[in-house]
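quick one: sequence plus predicted model below, questions after.
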Amino acid sequence: MGFDPGQRTCGRGVYNRRMQANVKAASAVEERIAALAGQCVKCGLCLPHCPTYRLAASEAESPRGRIAFAQALAQGKLDPSPSVLVHLDNCLACMACERVCPSKVQYGELITTTRAWLCDTAPVSRHARTLGWLVARPRLLGALLRVANWPVVRSVVRSHAMQVLLRPFGLDRALAELPRLPRVQVASSQGLASPRGRVGLFLGCVAASVDRDVHAAATRLLRALGYEVVVPHGQGCCGALALHNGDMTQATSLGDVLRAVFGDVGVDTVLVSASGCFGTLRDHMFADSGIRVREIHEFIAADSRVDVLRFRALPERIAVHTPCTQRNVAGAEGAIARLLARIPQLQAEPLPASPGCCGAAGDYFLRHPQTADMLRTQTLDVALVQSPQTLVTSNVGCRVFLGNGLHERQAQTQITHPLVLLASQLEN
Ligand code: SF4
Ligand code: SF4
(Lines give C-alpha, C1' and ligand atoms only; values in the text may rest on other atoms or scores of the structure.)
(Ligands and ions follow the chains in the order given, each with its own letter.)
Protein backbone atom coordinates (compact mmCIF):
# COMPACT_ATOMS: atom_id res chain seq x y z
CA MET A 1 0.00 0.00 0.00
CA GLY A 2 1.49 3.38 -1.01
CA PHE A 3 2.06 6.16 1.51
CA ASP A 4 -0.41 9.03 1.27
CA PRO A 5 1.35 12.19 2.49
CA GLY A 6 -2.02 13.51 3.68
CA GLN A 7 -2.40 10.59 6.09
CA ARG A 8 0.47 9.80 8.42
CA THR A 9 0.55 6.83 10.73
CA CYS A 10 2.32 6.99 14.08
CA GLY A 11 1.98 3.47 15.34
CA ARG A 12 -1.40 4.04 16.91
CA GLY A 13 -3.08 6.75 14.87
CA VAL A 14 -3.62 8.39 11.54
CA TYR A 15 -2.43 11.95 10.97
CA ASN A 16 -3.91 14.52 8.65
CA ARG A 17 -2.91 17.88 7.28
CA ARG A 18 -4.51 19.69 10.24
CA MET A 19 -1.87 18.11 12.45
CA GLN A 20 0.90 19.53 10.29
CA ALA A 21 -0.53 23.03 10.79
CA ASN A 22 -0.56 22.53 14.55
CA VAL A 23 2.95 21.12 14.50
CA LYS A 24 4.23 24.21 12.71
CA ALA A 25 2.50 26.51 15.21
CA ALA A 26 4.07 24.81 18.21
CA SER A 27 7.45 26.52 18.02
CA ALA A 28 7.99 26.60 21.81
CA VAL A 29 7.55 22.84 21.97
CA GLU A 30 9.86 22.35 19.00
CA GLU A 31 12.50 24.48 20.71
CA ARG A 32 12.14 22.45 23.91
CA ILE A 33 12.54 19.16 22.03
CA ALA A 34 15.57 20.48 20.16
CA ALA A 35 17.10 21.74 23.43
CA LEU A 36 16.55 18.40 25.20
CA ALA A 37 18.00 16.53 22.23
CA GLY A 38 20.93 18.96 22.14
CA GLN A 39 22.07 17.63 25.55
CA CYS A 40 23.06 14.36 23.85
CA VAL A 41 26.78 14.23 23.03
CA LYS A 42 26.24 11.06 20.96
CA CYS A 43 28.72 9.04 23.02
CA GLY A 44 26.68 5.85 22.61
CA LEU A 45 27.18 4.69 26.20
CA CYS A 46 23.43 4.11 26.52
CA LEU A 47 23.21 1.76 23.54
CA PRO A 48 24.09 -1.53 25.28
CA HIS A 49 21.46 -0.77 27.95
CA CYS A 50 18.60 -0.26 25.48
CA PRO A 51 16.39 -3.37 25.06
CA THR A 52 15.21 -2.45 21.56
CA TYR A 53 18.77 -1.74 20.39
CA ARG A 54 19.93 -5.06 21.75
CA LEU A 55 17.17 -6.85 19.84
CA ALA A 56 17.47 -4.96 16.54
CA ALA A 57 21.17 -3.99 16.57
CA SER A 58 20.14 -0.88 14.66
CA GLU A 59 21.01 2.76 15.42
CA ALA A 60 17.42 3.73 14.59
CA GLU A 61 16.23 1.52 17.46
CA SER A 62 18.65 3.07 19.95
CA PRO A 63 18.26 6.04 22.33
CA ARG A 64 20.83 8.02 20.34
CA GLY A 65 18.97 7.31 17.11
CA ARG A 66 15.60 8.31 18.59
CA ILE A 67 17.07 11.50 20.03
CA ALA A 68 18.49 12.35 16.59
CA PHE A 69 15.10 11.67 14.97
CA ALA A 70 13.30 13.88 17.52
CA GLN A 71 15.83 16.66 17.01
CA ALA A 72 15.61 16.53 13.21
CA LEU A 73 11.80 16.46 13.31
CA ALA A 74 11.65 19.42 15.71
CA GLN A 75 14.08 21.39 13.56
CA GLY A 76 12.04 20.63 10.44
CA LYS A 77 14.95 18.76 8.84
CA LEU A 78 13.01 15.49 8.65
CA ASP A 79 9.50 14.70 7.51
CA PRO A 80 7.40 12.70 10.05
CA SER A 81 7.03 9.71 7.75
CA PRO A 82 5.86 6.35 9.06
CA SER A 83 9.36 4.94 8.59
CA VAL A 84 10.69 7.53 11.08
CA LEU A 85 7.79 7.57 13.53
CA VAL A 86 7.84 3.81 13.94
CA HIS A 87 11.21 4.06 15.70
CA LEU A 88 9.86 6.57 18.22
CA ASP A 89 6.81 4.39 18.75
CA ASN A 90 8.98 1.30 19.31
CA CYS A 91 10.56 2.86 22.41
CA LEU A 92 9.49 1.02 25.58
CA ALA A 93 9.98 4.15 27.71
CA CYS A 94 11.95 1.93 30.10
CA MET A 95 14.33 4.84 30.88
CA ALA A 96 17.42 2.62 31.00
CA CYS A 97 19.11 5.16 28.73
CA GLU A 98 18.32 8.07 31.05
CA ARG A 99 19.72 6.26 34.07
CA VAL A 100 23.11 5.56 32.49
CA CYS A 101 23.57 8.74 30.45
CA PRO A 102 26.68 10.64 31.61
CA SER A 103 25.34 13.85 30.02
CA LYS A 104 22.09 13.62 32.01
CA VAL A 105 19.94 13.75 28.90
CA GLN A 106 16.32 14.01 30.07
CA TYR A 107 15.12 11.28 27.74
CA GLY A 108 11.81 10.78 29.57
CA GLU A 109 10.75 14.36 29.01
CA LEU A 110 12.08 14.25 25.46
CA ILE A 111 10.09 11.19 24.36
CA THR A 112 6.92 12.26 26.20
CA THR A 113 7.04 15.77 24.73
CA THR A 114 7.84 14.48 21.25
CA ARG A 115 5.00 11.96 21.29
CA ALA A 116 2.54 14.57 22.54
CA TRP A 117 3.76 17.10 19.94
CA LEU A 118 3.27 14.57 17.16
CA CYS A 119 0.05 13.04 18.39
CA ASP A 120 -2.10 15.42 20.39
CA THR A 121 -4.44 16.44 17.58
CA ALA A 122 -4.50 13.09 15.81
CA PRO A 123 -7.40 10.68 15.82
CA VAL A 124 -6.44 7.65 17.88
CA SER A 125 -6.81 4.00 16.99
CA ARG A 126 -9.85 2.07 18.19
CA HIS A 127 -7.66 -0.02 20.47
CA ALA A 128 -6.08 3.01 22.16
CA ARG A 129 -9.43 4.80 22.41
CA THR A 130 -11.12 1.79 24.06
CA LEU A 131 -8.24 1.28 26.47
CA GLY A 132 -8.03 4.99 27.29
CA TRP A 133 -11.76 5.09 28.01
CA LEU A 134 -11.62 1.99 30.21
CA VAL A 135 -8.63 2.98 32.33
CA ALA A 136 -10.45 6.16 33.30
CA ARG A 137 -13.27 3.94 34.67
CA PRO A 138 -11.61 1.40 36.99
CA ARG A 139 -14.94 0.18 38.42
CA LEU A 140 -16.31 -0.73 35.01
CA LEU A 141 -12.95 -2.21 34.03
CA GLY A 142 -13.00 -4.28 37.22
CA ALA A 143 -16.54 -5.54 36.52
CA LEU A 144 -15.55 -6.55 32.98
CA LEU A 145 -12.43 -8.32 34.27
CA ARG A 146 -14.49 -10.21 36.85
CA VAL A 147 -16.98 -11.39 34.21
CA ALA A 148 -14.18 -12.27 31.78
CA ASN A 149 -12.56 -14.38 34.50
CA TRP A 150 -15.55 -16.62 35.07
CA PRO A 151 -14.09 -19.97 33.97
CA VAL A 152 -16.58 -20.53 31.12
CA VAL A 153 -16.30 -16.96 29.83
CA ARG A 154 -12.51 -17.02 30.15
CA SER A 155 -12.17 -20.16 28.05
CA VAL A 156 -14.57 -18.77 25.42
CA VAL A 157 -12.92 -15.33 25.07
CA ARG A 158 -9.47 -16.92 24.84
CA SER A 159 -10.55 -19.57 22.32
CA HIS A 160 -9.05 -19.54 18.85
CA ALA A 161 -12.41 -18.78 17.22
CA MET A 162 -12.98 -15.75 19.43
CA GLN A 163 -9.43 -14.54 18.81
CA VAL A 164 -10.06 -14.63 15.05
CA LEU A 165 -13.40 -12.85 15.53
CA LEU A 166 -11.91 -10.08 17.65
CA ARG A 167 -8.75 -9.54 15.59
CA PRO A 168 -10.29 -6.85 13.33
CA PHE A 169 -11.17 -4.83 16.46
CA GLY A 170 -7.65 -5.12 17.85
CA LEU A 171 -8.92 -6.97 20.95
CA ASP A 172 -7.51 -10.45 20.32
CA ARG A 173 -4.17 -9.73 21.98
CA ALA A 174 -5.78 -8.04 24.99
CA LEU A 175 -7.95 -11.09 25.62
CA ALA A 176 -5.08 -13.52 25.04
CA GLU A 177 -3.23 -11.67 27.83
CA LEU A 178 -6.30 -11.36 30.06
CA PRO A 179 -5.17 -10.77 33.67
CA ARG A 180 -6.14 -13.29 36.32
CA LEU A 181 -7.80 -11.88 39.41
CA PRO A 182 -6.42 -12.77 42.84
CA ARG A 183 -8.45 -14.28 45.66
CA VAL A 184 -8.24 -11.76 48.45
CA GLN A 185 -9.10 -11.51 52.07
CA VAL A 186 -10.26 -7.94 52.47
CA ALA A 187 -7.96 -5.98 54.76
CA SER A 188 -9.43 -4.70 58.00
CA SER A 189 -10.91 -1.23 57.74
CA GLN A 190 -11.24 -0.89 61.49
CA GLY A 191 -9.62 2.31 62.71
CA LEU A 192 -6.43 2.14 64.75
CA ALA A 193 -6.76 3.39 68.34
CA SER A 194 -3.93 5.89 68.02
CA PRO A 195 -2.41 5.93 64.54
CA ARG A 196 1.08 7.40 64.04
CA GLY A 197 -0.02 9.05 60.83
CA ARG A 198 -2.33 8.86 57.82
CA VAL A 199 -1.22 7.81 54.37
CA GLY A 200 -3.12 7.55 51.11
CA LEU A 201 -2.94 4.37 49.02
CA PHE A 202 -3.04 4.63 45.24
CA LEU A 203 -4.93 1.79 43.56
CA GLY A 204 -4.57 2.40 39.81
CA CYS A 205 -6.81 1.29 36.94
CA VAL A 206 -6.04 -2.33 36.03
CA ALA A 207 -4.26 -2.74 39.37
CA ALA A 208 -7.42 -1.76 41.29
CA SER A 209 -8.72 -5.23 40.34
CA VAL A 210 -5.62 -7.24 39.49
CA ASP A 211 -3.56 -6.05 42.49
CA ARG A 212 -6.29 -6.28 45.14
CA ASP A 213 -4.09 -8.75 47.01
CA VAL A 214 -1.21 -6.26 46.86
CA HIS A 215 -3.38 -3.46 48.25
CA ALA A 216 -4.65 -5.72 51.05
CA ALA A 217 -1.03 -6.71 51.84
CA ALA A 218 0.09 -3.08 51.80
CA THR A 219 -2.70 -2.13 54.18
CA ARG A 220 -1.79 -4.94 56.55
CA LEU A 221 1.91 -4.00 56.65
CA LEU A 222 1.18 -0.29 57.05
CA ARG A 223 -1.32 -0.91 59.86
CA ALA A 224 1.26 -3.11 61.60
CA LEU A 225 3.55 -0.07 61.49
CA GLY A 226 0.79 2.05 63.04
CA TYR A 227 -0.49 3.96 60.00
CA GLU A 228 -4.09 4.69 59.14
CA VAL A 229 -4.49 3.83 55.47
CA VAL A 230 -6.87 6.01 53.48
CA VAL A 231 -8.11 4.73 50.12
CA PRO A 232 -10.14 7.50 48.49
CA HIS A 233 -13.04 6.59 46.19
CA GLY A 234 -13.01 7.80 42.62
CA GLN A 235 -9.32 7.29 41.90
CA GLY A 236 -8.51 6.57 38.30
CA CYS A 237 -5.51 5.68 36.21
CA CYS A 238 -2.09 7.21 36.94
CA GLY A 239 -1.97 8.54 33.37
CA ALA A 240 1.09 6.55 32.27
CA LEU A 241 -0.77 4.98 29.35
CA ALA A 242 -1.99 8.38 28.18
CA LEU A 243 1.54 9.80 28.38
CA HIS A 244 2.99 6.76 26.58
CA ASN A 245 0.59 7.53 23.74
CA GLY A 246 1.12 11.28 23.75
CA ASP A 247 -2.46 11.95 24.87
CA MET A 248 -1.92 15.01 27.07
CA THR A 249 -5.63 15.84 27.22
CA GLN A 250 -6.46 12.58 28.96
CA ALA A 251 -3.34 12.76 31.14
CA THR A 252 -4.33 16.24 32.33
CA SER A 253 -7.88 15.21 33.15
CA LEU A 254 -6.71 12.10 35.06
CA GLY A 255 -4.29 14.28 37.05
CA ASP A 256 -7.11 16.68 37.99
CA VAL A 257 -9.16 13.76 39.35
CA LEU A 258 -6.27 12.32 41.36
CA ARG A 259 -5.30 15.61 43.00
CA ALA A 260 -8.96 16.26 43.87
CA VAL A 261 -9.70 12.86 45.45
CA PHE A 262 -6.50 12.69 47.50
CA GLY A 263 -6.77 16.39 48.40
CA ASP A 264 -10.33 15.85 49.66
CA VAL A 265 -9.23 13.20 52.19
CA GLY A 266 -6.46 15.44 53.52
CA VAL A 267 -3.42 13.18 53.15
CA ASP A 268 -0.01 14.61 52.37
CA THR A 269 1.60 11.29 51.38
CA VAL A 270 0.42 8.93 48.64
CA LEU A 271 1.97 5.46 48.57
CA VAL A 272 2.32 3.54 45.31
CA SER A 273 2.84 -0.22 45.03
CA ALA A 274 3.13 -0.43 41.22
CA SER A 275 6.45 0.90 39.97
CA GLY A 276 4.97 1.56 36.51
CA CYS A 277 2.62 4.15 38.03
CA PHE A 278 5.08 5.71 40.45
CA GLY A 279 7.10 7.97 38.14
CA THR A 280 4.03 9.38 36.41
CA LEU A 281 2.37 10.16 39.72
CA ARG A 282 5.50 11.75 41.22
CA ASP A 283 6.72 13.67 38.18
CA HIS A 284 3.45 14.65 36.51
CA MET A 285 0.23 14.14 38.44
CA PHE A 286 1.25 15.34 41.91
CA ALA A 287 4.24 17.51 40.97
CA ASP A 288 4.02 20.84 42.86
CA SER A 289 0.72 19.75 44.48
CA GLY A 290 1.88 19.64 48.10
CA ILE A 291 1.16 15.89 48.15
CA ARG A 292 4.25 13.71 48.29
CA VAL A 293 4.35 10.48 46.29
CA ARG A 294 6.40 7.67 47.86
CA GLU A 295 7.33 4.23 46.59
CA ILE A 296 5.83 1.91 49.18
CA HIS A 297 8.80 -0.47 49.70
CA GLU A 298 11.11 2.47 50.17
CA PHE A 299 8.58 4.04 52.59
CA ILE A 300 8.27 0.87 54.71
CA ALA A 301 11.99 0.02 54.66
CA ALA A 302 12.89 3.57 55.76
CA ASP A 303 10.29 3.68 58.54
CA SER A 304 11.80 4.18 61.99
CA ARG A 305 9.61 1.37 63.36
CA VAL A 306 10.27 -1.20 60.64
CA ASP A 307 11.86 -3.48 63.26
CA VAL A 308 8.43 -4.07 64.83
CA LEU A 309 7.52 -6.16 61.76
CA ARG A 310 8.19 -9.81 62.54
CA PHE A 311 8.10 -12.46 59.84
CA ARG A 312 7.72 -16.24 59.89
CA ALA A 313 10.53 -18.22 58.28
CA LEU A 314 10.09 -19.26 54.64
CA PRO A 315 12.66 -21.86 53.53
CA GLU A 316 12.27 -21.14 49.80
CA ARG A 317 14.32 -19.88 46.89
CA ILE A 318 12.68 -17.03 45.01
CA ALA A 319 13.72 -14.97 42.00
CA VAL A 320 13.32 -11.19 42.21
CA HIS A 321 12.43 -9.46 38.95
CA THR A 322 13.16 -5.74 38.99
CA PRO A 323 10.82 -3.92 36.59
CA CYS A 324 12.56 -1.32 34.43
CA THR A 325 10.40 1.35 36.06
CA GLN A 326 11.58 0.15 39.47
CA ARG A 327 15.26 0.18 38.48
CA ASN A 328 15.32 3.32 36.34
CA VAL A 329 12.59 5.52 37.82
CA ALA A 330 11.51 4.47 41.32
CA GLY A 331 14.92 3.14 42.37
CA ALA A 332 13.58 1.06 45.26
CA GLU A 333 15.11 -2.32 44.42
CA GLY A 334 17.45 -1.95 47.41
CA ALA A 335 14.45 -1.39 49.70
CA ILE A 336 12.70 -4.49 48.30
CA ALA A 337 15.84 -6.57 48.91
CA ARG A 338 16.15 -5.26 52.48
CA LEU A 339 12.51 -6.05 53.26
CA LEU A 340 12.69 -9.57 51.78
CA ALA A 341 15.89 -10.18 53.78
CA ARG A 342 13.76 -9.79 56.92
CA ILE A 343 12.00 -13.10 56.15
CA PRO A 344 14.12 -15.77 57.86
CA GLN A 345 15.53 -18.55 55.61
CA LEU A 346 14.28 -16.92 52.40
CA GLN A 347 16.80 -17.00 49.55
CA ALA A 348 15.95 -14.08 47.29
CA GLU A 349 18.02 -14.01 44.10
CA PRO A 350 17.79 -10.90 41.92
CA LEU A 351 17.50 -11.53 38.17
CA PRO A 352 20.27 -10.14 35.97
CA ALA A 353 19.63 -6.64 34.59
CA SER A 354 19.39 -7.94 31.00
CA PRO A 355 17.10 -7.90 29.02
CA GLY A 356 16.10 -4.82 31.01
CA CYS A 357 12.38 -4.89 30.24
CA CYS A 358 9.96 -7.83 30.31
CA GLY A 359 8.05 -6.40 27.33
CA ALA A 360 4.85 -5.41 29.15
CA ALA A 361 5.64 -1.66 29.31
CA GLY A 362 2.15 -0.22 29.73
CA ASP A 363 0.17 -1.19 26.63
CA TYR A 364 3.36 -1.89 24.63
CA PHE A 365 2.67 -5.65 24.74
CA LEU A 366 -0.61 -4.97 22.92
CA ARG A 367 0.88 -2.67 20.29
CA HIS A 368 4.15 -4.53 19.69
CA PRO A 369 3.43 -8.18 20.41
CA GLN A 370 6.49 -9.60 18.66
CA THR A 371 9.04 -7.43 20.49
CA ALA A 372 7.16 -7.87 23.77
CA ASP A 373 7.08 -11.65 23.40
CA MET A 374 10.82 -11.78 22.66
CA LEU A 375 11.57 -9.74 25.79
CA ARG A 376 9.23 -11.90 27.89
CA THR A 377 10.89 -15.07 26.62
CA GLN A 378 14.33 -13.73 27.49
CA THR A 379 13.17 -12.61 30.95
CA LEU A 380 11.55 -15.94 31.79
CA ASP A 381 14.51 -17.90 30.42
CA VAL A 382 16.81 -16.23 32.96
CA ALA A 383 14.18 -16.29 35.72
CA LEU A 384 13.66 -20.05 35.48
CA VAL A 385 17.32 -21.10 35.31
CA GLN A 386 17.35 -21.84 39.04
CA SER A 387 13.76 -23.19 39.11
CA PRO A 388 12.58 -20.82 41.84
CA GLN A 389 9.36 -21.62 43.69
CA THR A 390 8.27 -18.02 43.30
CA LEU A 391 9.04 -15.06 41.06
CA VAL A 392 8.32 -11.66 42.61
CA THR A 393 7.91 -8.43 40.72
CA SER A 394 6.75 -5.02 41.89
CA ASN A 395 4.76 -3.84 38.89
CA VAL A 396 1.27 -4.91 37.92
CA GLY A 397 1.92 -5.04 34.15
CA CYS A 398 5.03 -7.20 34.57
CA ARG A 399 3.19 -9.50 36.95
CA VAL A 400 0.33 -10.07 34.51
CA PHE A 401 2.52 -10.43 31.43
CA LEU A 402 5.15 -12.65 33.02
CA GLY A 403 2.41 -14.60 34.83
CA ASN A 404 0.72 -15.39 31.52
CA GLY A 405 4.11 -16.43 30.13
CA LEU A 406 4.65 -18.80 33.07
CA HIS A 407 1.18 -20.22 32.53
CA GLU A 408 1.87 -20.83 28.82
CA ARG A 409 5.08 -22.66 29.72
CA GLN A 410 3.19 -24.67 32.35
CA ALA A 411 5.93 -23.66 34.77
CA GLN A 412 5.56 -24.60 38.43
CA THR A 413 6.90 -21.19 39.48
CA GLN A 414 4.29 -18.88 40.99
CA ILE A 415 4.38 -15.13 40.50
CA THR A 416 3.51 -12.56 43.12
CA HIS A 417 4.29 -9.09 44.42
CA PRO A 418 6.93 -8.57 47.15
CA LEU A 419 4.31 -7.02 49.46
CA VAL A 420 2.05 -10.08 49.16
CA LEU A 421 4.95 -12.34 50.10
CA LEU A 422 5.88 -10.11 53.04
CA ALA A 423 2.30 -9.86 54.34
CA SER A 424 1.82 -13.63 54.02
CA GLN A 425 4.75 -14.15 56.43
CA LEU A 426 3.86 -11.31 58.80
CA GLU A 427 3.32 -12.46 62.38
CA ASN A 428 2.00 -9.26 63.94
S1 SF4 B 1 21.69 9.77 25.44
FE2 SF4 B 1 23.45 10.12 26.80
S3 SF4 B 1 24.53 8.13 26.82
FE4 SF4 B 1 23.15 8.09 25.05
S5 SF4 B 1 24.40 8.83 23.32
FE6 SF4 B 1 23.36 10.64 24.17
S7 SF4 B 1 24.79 11.50 25.66
FE8 SF4 B 1 25.50 9.40 25.23
S1 SF4 C 1 13.60 4.36 27.03
FE2 SF4 C 1 14.33 2.22 26.92
S3 SF4 C 1 13.64 1.45 24.91
FE4 SF4 C 1 13.47 3.72 24.87
S5 SF4 C 1 15.41 4.41 23.99
FE6 SF4 C 1 15.68 4.46 26.22
S7 SF4 C 1 16.57 2.46 26.72
FE8 SF4 C 1 15.73 2.28 24.64
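Looks like it came in fine. Ligands and ions are numbered 1, 2, ... in the order given.

give the contact list for the closest residue to ligand 1 within the stretch 101-250 of the chain.
Residue nearest to ligand 1 within the stretch 101-250 of the chain: Cys101 (3.2 Å; C-beta to the nearest ligand atom). Using the backbone N, CA and C atoms, a C-beta is placed for each residue, glycine as well. Counting by C-beta atoms under 8 Å, 6 or more residues apart in numbering, Cys101 makes contact with 40, 45-46, 63, 107.

over to Ala207?
Ala207 neighbours (C-beta under 8 Å, 6+ apart): 214-215, 273-274, 277, 396.

all helices of the stretch 1-150 of the chain, in order?
Secondary structure of the stretch 1-150 of the chain (DSSP state H, counting those that start in this stretch): helices located at 17-25, 27-38, 51-56, 63-74, 82-89, 96-100, 107-119, 126-135, 138-148.

thought Ile300 was touching Leu339?
Yes: Ile300 is within contact range of Leu339, at 6.4 Å (criterion: C-beta atoms under 8 Å).

would you map the strands across the stretch 301-428 of the chain?
Secondary structure of the stretch 301-428 of the chain by DSSP state E, counting those that start in this stretch: the strands cover 317-321, 347-350, 390-393, 414-416.

quick check: mean pLDDT of the first one?
Taken as a whole, strand 317-321 has a mean pLDDT of 95.

and it, what's buried?
Buried residues in strand 317-321, counted by 16 or more other C-beta atoms under 10 Å: 318-321.

over to stretch 139-146?
Buried-residue list, stretch 139-146, by 16+ other C-beta under 10 Å: 141-142, 145.

nearest to ligand 2: which residue in the stretch 101-250 of the chain?
Tyr107 (5.6 Å).

I'd like to know which of the buried residues of strand 317-321 is nearest to Ile33.
Nearest to Ile33 among the buried residues of strand 317-321, counting by C-beta to C-beta, is His321 at 33.2 Å.

residues in contact with Leu309?
Going by C-beta under 8 Å, 6+ apart, the list of residues near Leu309 reads 221, 224-225, 300, 342, 422, 426, 428.

could I have the PyMOL command that selects the buried members from the residues you listed?
What follows is the PyMOL syntax for the buried subset of the contacts of Leu309, where burial is set by 16+ other C-beta under 10 Å:
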select buried, resi 221+224+225+300+342+422+426
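
farthest-apart pair in the contacts of Leu309, please.
Ile300 and Asn428 (13.9 Å).

could you list the low-confidence segments of this structure?
1-26, 120-129, 169-170, 185-191 (pLDDT under 70).

what residue spans form the domains of it?
As given by automatic domain parsing, the domain ranges for the chain are 8-119, 126-176, 197-301, 311-424.

for the most far-flung residue of the chain relative to its centre, give me phi and psi.
Distance from the centre of the chain peaks at Ala193, with 36.1 Å (C-alpha atoms, centre = their mean). With angles defined as degrees, to the nearest 10, Ala193 shows backbone torsions of phi -60, psi -50.

and the spatially most central residue of the chain, how far from Thr390?
The centre of the chain sits closest to Gly276, judged by C-alpha atoms, centre = their mean, with a distance of 2.9 Å. Gly276 is 20 Å from Thr390, where distance means C-beta to C-beta, to the nearest Å.

related to what we said a few turns ago, need the residues touching each of Ile300 and Leu339.
Counting by C-beta under 8 Å, 6+ apart, Ile300 and Leu339 have no common neighbour.

wouldn't Glu109 be in contact with Ala37 here?
No: using C-beta under 8 Å, Glu109 is not in contact with Ala37, being 10.7 Å away.

pick out whichever of these two has more residues nearby.
Under the neighbour definition other C-beta atoms under 10 Å, Glu109 and Ala37 were set side by side, and Ala37 has more, 23 against 14.

the more buried one contacts Leu78, doesn't it?
No: using C-beta under 8 Å, Ala37 is not in contact with Leu78, being 12.0 Å away.

can you check which residues contact both of those two?
Common neighbours of Ala37 and Leu78, counting by C-beta under 8 Å, 6+ apart, are absent.

quick one: the closest residue to Ala313 other than its chain neighbours and ligand 2, what's the gap?
Excluding the flanking residues, the one nearest Ala313 by C-beta to C-beta, 6 or more residues apart in numbering is Pro344, at 3.9 Å. For Pro344, the distance to ligand 2 (C-beta to the nearest ligand atom, to the nearest Å) stands at 37 Å.

likewise for Pro352?
Distance of Pro352 to ligand 2, computed by C-beta to the nearest ligand atom: 16 Å.

number of nearby residues for the residue lying closest to that residue once chain neighbours are set aside?
In this structure, Pro352 finds its nearest non-sequential neighbour in Val382, 5.8 Å apart by C-beta to C-beta, 6+ apart. Neighbour count of Val382, defined by other C-beta under 10 Å: 14.

again with Thr416
19.

so it makes contact with Thr390?
Yes: contact criterion C-beta under 8 Å: Thr416 and Thr390 qualify, at 6.1 Å.

residues in contact with the nearest residue to Glu31 once chain neighbours are set aside?
Distances taken as C-beta to C-beta, 6+ apart put Ala74 closest to Glu31, at 7.6 Å, once the chain neighbours are dropped. Applying C-beta under 8 Å, 6+ apart to Ala74 gives the contacts 29-31, 33-34, 37, 114, 117.

most neighbours, which of these?
Thr114 (27 neighbours).

hang on, it packs against Glu30?
No: using C-beta under 8 Å, Thr114 makes no contact with Glu30, being 9.8 Å away.

count of neighbours near Ala68?
For Ala68, the count of nearby residues is 18 (other C-beta under 10 Å).

which ones are touching it?
Ala68 is in contact with 37, 40, 42, counting by C-beta under 8 Å, 6+ apart.

tell me the one of these nearest Val230?
Nearest to Val230 among the contacts of Ala68, with distances taken as C-beta to C-beta, is Ala37, at 41.8 Å.

chain neighbours aside, what residue packs nearest to that closest one?
Nearest in space to Ala37, with sequence neighbours left out and distances taken as C-beta to C-beta, 6+ apart, is Gln71 at 3.5 Å.

what is the neighbour count of Ala57?
The tally of other residues near Ala57 (other C-beta under 10 Å) stands at 9.
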